[in-house]
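S.K.: Show me the folded form of this:
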Amino acid sequence: MNDSSSLQLRDRTILDVGCGLNKTPGAVGLDRHAVPGVDVVHDLDTIPYPFEPDSFDEIHANHVIEHIAAIETFLGELHRVARPGAKVFIRTPHYSYSGSWHDPTHRWHLSTASFDYFAEAHPGAHYTGTSRFRLVSVEVSLLNPWRKIGFQWLVNAVNKNRRWRIFRKFWEEHLSFIIRGREIRAILEVMK
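M.R.: Numbering: from 1, shown residues only. A predicted model of the protein is given here:
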């Protein structure tokens, strides 16, 4: 990275990790491949990333977490470069979606509960390091027929009221390979 790139990075507060060709407008694009739109070329499995701690107010990771060698290390590094209270937006295929399994570079197939382990009060949080997040929301999109009849709303009702988590739990444990999910969209808030 040259000096003019360093100067530009100081003024930007959005990071798009694994942006590829579809970088979030106004973001610093970080990717392991030097394609148009990538500002910083860096292997995403090599820690640390070339940014100072507390550099970003917002981080996007669209369809990248399933490719990373160690999820807890990846989220720990996002936590390090994020400012306190920063939002981390993650999109990844749901494990029941056939597209999650088509790509041979996918190392992980996640559920909506996968992000719970990084929340401050989760009983298994000691397995995921010291980086903590507040789960703002974790939504799953379903294939069109199920979205149109309102089943997607029911599966995501847990974001409106925790008492409704039984619907998501029942769907994910018993129905998800019949009524397939498509994409998980998680919003995490950095706790420091």
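S.K.: Could you check how far residue 149 is from residue 155?
M.R.: Applying C-beta to C-beta, to the nearest Å, the value for residue 149 to residue 155 is 12 Å. Glycine gets a C-beta too; all of them are placed from N, C-alpha and C.
S.K.: Ok, residue 16 next?
M.R.: 28 Å.
S.K.: Helices along this structure, start to end?
M.R.: Taking DSSP state H as the test, the helices found in the chain are 3-11, 71-81, 98-102, 144-148, 151-155, 165-170.
S.K.: I'd like to know which of those lies nearest to residue 109.
M.R.: Taking C-beta to C-beta, helix 98-102 is the member of those nearest to residue 109, at 5.0 Å.
S.K.: which helices and strands does the closest one pack with?
M.R.: Using 3 or more C-beta pairs under 8 Å, 6 or more residues apart in numbering; DSSP states H and E, no helix or strand is in contact with helix 98-102.
S.K.: can you give me the mean pLDDT across it?
M.R.: Averaged over helix 98-102, pLDDT sits at 94.
S.K.: buried set for that helix?
M.R.: Neighbour counts over helix 98-102 (16 or more other C-beta atoms under 10 Å) mark residue 100 as buried.
S.K.: picking up where we left off before, who has more neighbours, residue 149 and residue 155?
M.R.: Taking neighbours as other C-beta atoms under 10 Å, residue 149 and residue 155 compare with residue 155 leading, 27 against 11.
S.K.: Distance of the more buried one relative to residue 100?
M.R.: In terms of C-beta to C-beta, residue 155 sits 17 Å off from residue 100.
S.K.: now do residue 67
M.R.: Applying C-beta to C-beta to residue 67 and residue 100 gives a distance of 12 Å.
S.K.: shared neighbours of these two, anything?
M.R.: residue 106 (C-beta atoms under 8 Å, 6 or more residues apart in numbering).
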